[in-house]
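J.: Kindly generate the corresponding structure for this input.
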Amino acid sequence: MGEDIATSGFTPADFERFSQALATETQILRDLFALGGLSESPPTIGFEVECWILDHNYFPAPINQGVLSALNHPLVVPELSRFNLELNCEPLRLSVGALDAAEKALGDLWAYCNETAHRLDANMVMIGTLPTIRDADMSLANISPLNRYHALNREVLRQRGGAALNVDILGRDHLVSSHRDVMLEAATTSFQIHLKPPASKAHLYYNASIAASGPILAACGNAPLLFGKSLWDETRIPLFEQAVVTPGRARVTMGAGYAASCLDLFEENIRDYPPLLPIHYDEPPERLRHLRLHNGVIWRWNRPLVGFDADGTPHLRIEHRILPSGPTIADMIANTALYLGLARDLAEGGDAGHGGLAFADALTNFYAAARHGLAAELVWPGLGALPAGRLLCDHLLPRARAGLAAFGVDGDAWLDLVEARIASGQTGAVWQRHAHAACGGDLFQLMAAYCERQRSGAPVHQWEAMI
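T.: Numbers count the residues shown, from 1 in each chain. Just a heads-up that it's a prediction; the model follows:
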């Protein structure tokens, strides 16, 4: 979504032309599935990290254009709001040292971004929702100045007939907010993992990603505070689901069920979702640009993506979108290890990749984990309902270790961090809640302490409490 376009408005002819191109490209994708034309190359991973730019009072600083200009780096791109940026990582082959290489790549890029922001009298932070952001900050005055984002806002509101977008989240407190724009989406910042499996097994990894989402999210919460209210451990989940609502099927969703083929999901795209950004690309249809754009404005929590290997062969990736940004790069790499290991073990373990977990139970687990974190009770086949920490430590972490070993990745030290986090009971969400109480609700004192601890690089289970 960081690429710009030439216009922010569309005509009926634009929608017709886009629909025709989408139909053509979907048929090309069908043929690729039927003929085995998708990449079976060895698995790789990649990352996206969404982050905030802050001023010295820990308010969001709407200066991403200045930071981007000073950075001049191809792996750092704009986000929807002027106070967010997205950092990317080049794909890495899954092998010995892959997670260590990912930590170094993200760490080096993060350090460069922060050094650049400091020269512009700003600071950067990785966190799921920013405690100091105000409802009034979420306005079109702070939308990034790209036609693409203005077009997204215009088309969402047009499809809604101009009706406001309403957010209603009941957590420890109750948040109600109404906006006539899509800017509430910008209040969520995520860490997204891209896993490219062999195409013939992509649906198994898609199903495994869904089944694993609840337990993984329970151990990784980092978004408990929004607009001064204490809500869910992962407030990003209900906020994003409610911030971009158009008529028909939900665009932010876990989906309707497991997949027999990833092609099923692209068939759903063309059948169930009207075009939102009917941009015309003057490229060969084999590049699937219109299909990829259409898929990009359907935000499944685990989203299949079409891309291309270095030699031009089209491939399938699974984008695991459930995780928050932060608290540290070490925590995010540890979360990656948990996801990769558990996804591999489930995908290769039979039962169509989902380990026998009913889709309805996967959904229940996901929302329970988003709401309650490690305090959630989760359901697992053959085990019934268990506290999230016990399910992870006694049953799923050993499976994740086996899965990483099967990938050829030396990830035990990273999974040790997850295990220590669970044993301590201190996720980013838990630390923030305790800090919020300790400083009497002073969000600026909380953010000063959070940023100091993030700069230390220590994983969150080692963070000292505020006194």
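J.: wait, isn't Thr328 in contact with Pro459?
T.: Yes: the pair Thr328 / Pro459 is scored as a contact, 5.9 Å apart, by C-beta atoms under 8 Å. Glycine gets a C-beta too; all of them are placed from N, C-alpha and C.
J.: and Pro278, that one's in a helix?
T.: No: checked against DSSP: H, G, I helix; E, B strand; the rest coil, Pro278 lies outside a helix; its state is coil.
J.: Check which helix or strand the closest residue to it other than its chain neighbours maps to.
T.: Distances taken as C-beta to C-beta, 6 or more residues apart in numbering put Phe18 closest to Pro278, at 3.5 Å, once the chain neighbours are dropped. Element membership for Phe18 (DSSP states H and E) is helix 12-35.
J.: Would you mind listing the buried residues in that helix?
T.: Using 16 or more other C-beta atoms under 10 Å as the test for burial, helix 12-35 gives 14, 17-19, 21-22, 25-26, 28-29, 32-33.
J.: One more: stretch 245-256?
T.: 245-246, 250-252, 254-255.
J.: mean confidence score for it?
T.: Stretch 245-256 shows an average pLDDT of 95 in the prediction.
J.: Endpoint to endpoint, that stretch covers what distance?
T.: Its first and final residues considered, stretch 245-256 spans 17 Å by C-alpha to C-alpha, to the nearest Å.
J.: can you list the residues that contact that stretch?
T.: 156, 159-160, 165, 210, 213, 240-241, 243-244, 265, 268, 272-274, 276, 297-302, 362-363, 366 (C-beta atoms under 8 Å, 6 or more residues apart in numbering).
J.: now that stretch, how far from the centre of its chain.
T.: Centroid displacement of stretch 245-256 relative to its chain, using C-alpha atoms, centre = their mean, to the nearest Å, is 16 Å.
J.: Buried among the contacts of stretch 245-256? Need that as a selection in ChimeraX.
T.: Per 16+ other C-beta under 10 Å, the buried members of the contacts of stretch 245-256 correspond to this ChimeraX selection:
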select :156,165,210,213,240,241,243,244,265,268,273,276,297,298,299,300,301,302,362,363,366
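J.: so of the contacts of stretch 245-256, which ones are in strands?
T.: With DSSP state E as the criterion, strands contain 165, 299-300, 302 from among the contacts of stretch 245-256.
J.: Out of those residues, name the two that are farthest from one another.
T.: Leu165 and Asn302 (23.8 Å; C-beta to C-beta).
J.: For the helix or strand hosting Leu109, output the C-alpha coordinates as CSV.
T.: Assignment of secondary structure by DSSP H and E places Leu109 within helix 98-119. The C-alpha trace of helix 98-119 is given here as CSV (Å, rounded to 0.1, in the frame of the first residue of the first chain):
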residue,chain,number,x,y,z
ALA,A,98,18.1,-17.6,9.4
LEU,A,99,16.6,-16.1,12.6
ASP,A,100,19.9,-14.6,13.7
ALA,A,101,20.2,-13.0,10.3
ALA,A,102,16.7,-11.7,10.5
GLU,A,103,17.5,-10.1,13.9
LYS,A,104,20.6,-8.4,12.5
ALA,A,105,18.9,-7.2,9.4
LEU,A,106,15.9,-5.7,11.3
GLY,A,107,18.2,-4.4,14.1
ASP,A,108,20.5,-2.6,11.6
LEU,A,109,17.6,-1.0,9.8
TRP,A,110,15.9,0.0,13.0
ALA,A,111,19.0,1.7,14.3
TYR,A,112,19.4,3.6,11.0
CYS,A,113,15.8,4.7,11.1
ASN,A,114,16.1,5.9,14.7
GLU,A,115,19.4,7.7,14.1
THR,A,116,17.7,9.5,11.2
ALA,A,117,14.6,10.4,13.2
HIS,A,118,16.8,11.8,16.0
ARG,A,119,18.4,14.2,13.5
